[in-house]
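> Prediction below, plus the sequence it came from.
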Amino acid sequence: MKRFLDYWAQQAKWWSSRSFEWWAAHLTAVYIGGAIIIMMTRFDELIKLGLNEVGDFSAGVFGPVAFLWLVLGYIQQGRELKISSTALQMQTAELKASVEQQTALAMAQRESLRQNELSFEPILELKHFGGQFIEGEYLDQFSLVNHGSYCDDVTITLYEGSLEKHSCNLDFVYKDVARNFFLGGMDGIYQRFEIGIKYRKLSGVEGHQSFNMLVFQGDQGQSIQIKKRLI
């Protein structure tokens, strides 16, 4: 009994696995074969039909077949559209993934370039060493130390607000080498100044760093507080 049930289960599975096209083709063959057999059995009556009657007869015989294959055509077209839609969705997903990958790659390259450019950045430290009269003018002495990469074409400018007070130039600043310079125009107590330093890095790109300065009266007289400005 079990073998009998298994056999019919396999048969049902096989028949149900046939495609709609397979069923349509076989039904069409059976239908046309049956129609031919019927026409052969009644051939004497068939040849007596007029042209209009032959047309009506052909339309009646082959109409269901034509309708069946018309429906099959719509079904097949729907399947192809569904496959095309799925393919387009897959292509869209692949393009999106490709764009995300290219974006991530561009960001990684940009970050790599930024890190590479940072490796050429000088790390400047500014110190004040009091002042002295030089040729009848009181000038404040500063020391500029570079803890980073070499830079040259250095321009140092003293600002009070937006007003440029004094400037000087240094040809180059090597790493861990102190360069002394003088600036004038720092008059008064409790005054705020800014020192802007422009330079050219080893990569050839121009850079800029700034320092805020506050002149105040300390326990030992006039003092200057210097703080690097973060850009």
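Arrived safely, thanks for sending.
> Every contact and neighbour count from this point should use C-alpha atoms.
Will do.
> where does this protein have low pLDDT?
Within the chain, the stretches with pLDDT under 70 are 1-20, 23, 35, 43-51, 53-62, 218-221, 231.
> what about the longest helix in it?
If you go by DSSP state H, the chain has its longest helix at helix 51-118.
> Tell me which other helices or strands that helix touches.
Helices and strands touching helix 51-118, by 3 or more Cα pairs under 8 Å, 6 or more residues apart in numbering; DSSP states H and E, are helix 20-41.
> list the helices and strands the helix it packs on packs on?
Where contact means 3+ Cα pairs under 8 Å, 6+ apart, helix 20-41 is packed against helix 51-118.
> List the buried residues in the very next helix or strand once past the helix it packs on.
Counting by DSSP states H and E, the element after helix 51-118 in chain order, helix or strand, is strand 124-134. Within strand 124-134, the residues scored as buried using 16 or more other Cα atoms under 10 Å are 124, 126-128.
> so the longest helix of the chain versus helix 20-41, what angle?
With axes from the mean of the first three to the mean of the last three Cα atoms, to 10 degrees as the basis, helix 51-118 and helix 20-41 are set at 170 degrees to each other.
> now helix 51-118: how far from the chain's centre is it?
Taking the mean of its C-alpha atoms, helix 51-118 sits 26 Å from the chain's own mean (Cα atoms, centre = their mean, to the nearest Å).
> for this structure, which strand is longest?
Identified as the longest strand of the chain according to DSSP state E is strand 206-218.
> That one pairs with which strands?
strand 191-201 (antiparallel), strand 221-229 (antiparallel) (DSSP bridges).
> tilt between that strand and strand 124-134?
Orientation check (the same axes, to 10 degrees): strand 206-218 against strand 124-134 gives 60 degrees.
> Contacts for strand 206-218 next, please.
Contacts with strand 206-218, where a contact means Cα atoms under 8 Å, 6 or more residues apart in numbering, come from 121, 124, 126, 188-201, 222-231.
> Restricted to buried residues, select those residues in PyMOL.
To isolate the buried members of the contacts of strand 206-218 in PyMOL, using 16+ other Cα under 10 Å:
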select buried, resi 121+124+126+192+193+194+195+196+197+198+199+200+201+223+224+226
